[in-house]
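# Quick one: sequence plus predicted model below, questions after.
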Amino acid sequence: MVEDAKAASPSITRAKAIANRLRTDILDGRFSPGTKLHLDELKNVLGVSLSPLREGLSRLTAEGLVTVEDQRGFSVAPVSKHNFLEIIDLRKMLEIKALRSSIEQGDDDWEAQVLATHHLLSKLEGQRWKKTHFDQWEAKHRAFHRALIGACNSPLLLSFSQMLVDMNHRYRRIFNFKNPPKRDIAQEHQELTDTALARDADKACALLKAHIDRTAKYILISMEK
């Protein structure tokens, strides 16, 4: 962690580097929901001063991953069914809009990116729930979904969509990793690729909605166990 926090390039502030490191730890479940984030402990572990640490945590507060109370300090945001359903509703709304726009505006480079990211993802589909491969699969999975909507020509829409994907990943990592769902997700990704590249926006958007809804269904089942 020390090296990651200190190795920020000149274009990235130390606070942003700290936020990036802690965001990864929270999303990957290294910090459980509700965990108290002790500033002195984090400061020593990260090898940073208090000011950029506070700023980094404030960034994560704005993203909904950290909560803050005046007298009690910072904590990892809790998880709840209500919060998860809100994430899913917003994710469908924004990603479907972005996908339709990408299909309408995407050029040859967009098609090539979708094909390339899907190919890399397909090589790991059968191993996604293995501890040794999950992080690799997750990175390829994010890249694929990012490529699908990458031609929407709306940086703000992409930024909000990525934030929601991160939040969704946190729930999947916490609740589905121990109870892997039985679904042909490889086929779902193949169909999304085929319909997007065929420029069938209505069908592709319907498939994306169903894809996100299936993820939500299995996470909700796991949350109730």
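Nice, thanks for sending it over. The model shown is predicted, which means the values in this text are computed figures rather than measured ones.

# Give me the contact list for the longest helix along the chain.
Under DSSP state H, the helix in the chain containing the largest number of residues is helix 81-105. Helix 81-105 has contacts (C-beta atoms under 8 Å, 6 or more residues apart in numbering) with 110, 145, 148-154, 157-158, 160-161, 164-165, 167-168, 171, 196, 199-201, 204-205, 208-209, 212-213, 215-216, 219-220, 223. Yep, even glycine has a C-beta here, placed from its N, CA and C like the rest.

# same deal with stretch 120-129?
Residues outside stretch 120-129 that contact it (C-beta under 8 Å, 6+ apart): 133-134, 136-138, 140-141, 143-144, 177, 180, 185-186, 189-190.

# where's the nearest residue to residue 87 once chain neighbours are set aside, which helix or strand?
Closest residue to residue 87 apart from its sequence neighbours, by C-beta to C-beta, 6 or more residues apart in numbering: residue 167 at 4.9 Å. Using DSSP states H and E, residue 167 maps to helix 155-171.

# Against which helices or strands is that helix packed?
Counting contacts by 3 or more C-beta pairs under 8 Å, 6 or more residues apart in numbering; DSSP states H and E, helix 155-171 packs against helix 14-27, helix 81-105, helix 134-148, helix 201-223.

# hang on, the earlier thing: just the buried ones from the contacts of helix 81-105?
Buried subset of those (neighbour count, 16 or more other C-beta atoms under 10 Å): 110, 145, 148-152, 154, 157-158, 160-161, 164-165, 167-168, 171, 196, 201, 204-205, 208-209, 212, 215-216, 219, 223.
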